[in-house]
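[1] the following block contains a protein sequence and its predicted model.
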There are 2 protein chains.
Amino acid sequence: MPNVFRYPRPMSPDPRQPGAQRPDPQHPDPQHPGALAHLQSLPSWLAGRVAARGRALVAEAIATEGLKLQHYAVLANVADDGPLAQADLVRRLGFDPKDVVLLLNHLEHEGLVVREPDPRDRRKNAVTATPEGRRLLHTCARLADRANEHLLAPLDPAERRTLLALLTRLAQD
Amino acid sequence: MPNVFRYPRPMSPDPRQPGAQRPDPQHPDPQHPGALAHLQSLPSWLAGRVAARGRALVAEAIATEGLKLQHYAVLANVADDGPLAQADLVRRLGFDPKDVVLLLNHLEHEGLVVREPDPRDRRKNAVTATPEGRRLLHTCARLADRANEHLLAPLDPAERRTLLALLTRLAQD
DNA sequence: CCTTTTCATTGGGATGCCCAACGTTTTCCG
DNA sequence: CGGAAAACGTTGGGCATCCCAATGAAAAGG
């Protein structure tokens, strides 16, 4: 179960010498089809590059509020569907239980969530969002929107809708 | 400089209880706009999810040849533009020098590349692809193509071209 | 000719993902 | 009803990836 919060990096666009002819990934030279050009024209590679840039932009934006992407994801889950057990978060997010402990420690320390024993099941902690957490969640949502507008800046509104529709179809399965 | 080879994982599509109503990310309920639904409708999140799945598919496919995505990327760079110095690969791929050493150790051990002192500059190793390496590169390219066809299976040919065009524009900047 | 830069190797560290164990609590089954 | 199994949270260990840097040798620059 891959994790979009840890973001790996794509190769630089084309690290060849300045002025070196850069193959058009859409129309590779059939006489000299490059393995590198082919790799860089794969949808998975292109999506990876866009995703890496998108995550970097969002991560940078919400870092101004002292949060990481993972914190944002935890907070969103808890605010919408809380109270949630830590094991719920582990399942929902696909995170390591240890990492969820660390994330919650930070969120709790910042007063954004509250972790309390579940009165119905003493094995569990019930995690809920505080008003401050909800407030910050709105701020993060706005920051994330702006980062995504930056990401999609080269596209016009119709192209953005098209891209979103196609990605949404591929993202669910 | 983010790296698309290490692939993080998106949240599961929607981990709510079976039967729980799942918000349509394209048309969030304006009465009850969820933070989670909002996060999951961001282009960066959607691209991350598609990218994670794409990379997982490609990684799984080329693993049958004993390679990782990073090996494939190194091999493609070396085959097209070799001989390359290790420092060239570090710059091109954005990898840690230590990781490039490990990757080349494996590729060399498998007879896919040759690492020789550069006669013109004894600081450098000249890395070149062997015929066996080029052969395997073709195999990996075919495997990667099939994995990407699998990734894009829900789209018809016109939609695939549209997606590719939009991603290509976003991927270069 | 000396200083600076580059190269490859390697050290250390942080983070995220994999595995598992432990004690407590709850659920399940005979 | 009681014991076994499962769930929960915490924590340990380990590996891979990304960050930092140091070292000695070689090349470039002033």
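    The structure has been received and is ready for your questions.
[2] point out the other helices and strands that the lengthiest strand in chain A packs with.
    Taking DSSP state E as the criterion, chain A has its longest strand at strand A:121-129. Here strand A:121-129 touches helix A:69-81, helix A:86-93, strand A:113-118, going by 3 or more C-beta pairs under 8 Å, 6 or more residues apart in numbering or on different chains; DSSP states H and E. All C-beta spots, glycine's among them, are computed from the backbone N, C-alpha and C.
[3] and the first one, what other elements does it pack with?
    In this structure, helix A:69-81 makes packing contacts with helix A:43-63, helix A:86-93, helix A:97-109, strand A:113-118, strand A:121-129, helix A:131-151, helix B:35-40, judged by 3+ C-beta pairs under 8 Å, 6+ apart.
[4] which of these is buried the deepest?
    Compared across these, helix A:43-63 shows the largest average neighbour count, a mean of 24 (mean count of other C-beta atoms under 10 Å in any protein chain shown).
[5] quick one: it to helix B:69-81, angle?
    Interaxial angle of helix A:43-63 relative to helix B:69-81 (axes from the mean of the first three to the mean of the last three C-alpha atoms, to 10 degrees): 120 degrees.
[6] so helix A:43-63, near DNA strand D or not?
    No. Figure legend: helix A:43-63 not in contact with DNA strand D (C-beta under 7 Å from any atom of the strand); closest approach 9.0 Å.
[7] and that helix, what other elements does it pack with?
    Packing partners of helix A:43-63 (3+ C-beta pairs under 8 Å, 6+ apart): strand A:8-9, helix A:69-81, helix A:131-151, strand B:3-4, helix B:43-63, helix B:131-151, helix B:157-171.
[8] so which of the helices and strands packed on strand A:121-129 gets nearest DNA strand D?
    DNA strand D lies closest to helix A:86-93 among the helices and strands packed on strand A:121-129, at 3.1 Å (C-beta to the nearest atom of the strand).
[9] if we can go back for a sec, would you turn the helices and strands packed on helix A:69-81 into CSV with distance to residue B:59?
    Shown next, in CSV, are these (distance: least, C-beta to C-beta, whole Å):
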stretch, distance to residue B:59
helix A:43-63, 9
helix A:86-93, 21
helix A:97-109, 22
strand A:113-118, 34
strand A:121-129, 33
helix A:131-151, 25
helix B:35-40, 24
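[10] nearest to DNA strand C, of these?
    Short answer: strand A:121-129, nearest of the helices and strands packed on helix A:69-81 by C-beta to the nearest atom of the strand, at 3.5 Å.
[11] got the contact list for that closest one?
    Applying C-beta atoms under 8 Å, 6 or more residues apart in numbering or on different chains, the external contacts of strand A:121-129 come out as A:75, A:78-79, A:82-87, A:89, A:104, A:112-118, A:137.
[12] again, only using 6 Å
    A:78-79, A:82-86, A:113-116, A:118 (C-beta atoms under 6 Å, 6 or more residues apart in numbering or on different chains).
[13] on that earlier part again, redo the helices and strands packed on helix A:43-63 as TSV? Include mean pLDDT.
    Shown next, in TSV, are the helices and strands packed on helix A:43-63 (pLDDT from 0 to 100):
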stretch	mean pLDDT
strand A:8-9	53
helix A:69-81	95
helix A:131-151	96
strand B:3-4	54
helix B:43-63	94
helix B:131-151	96
helix B:157-171	97
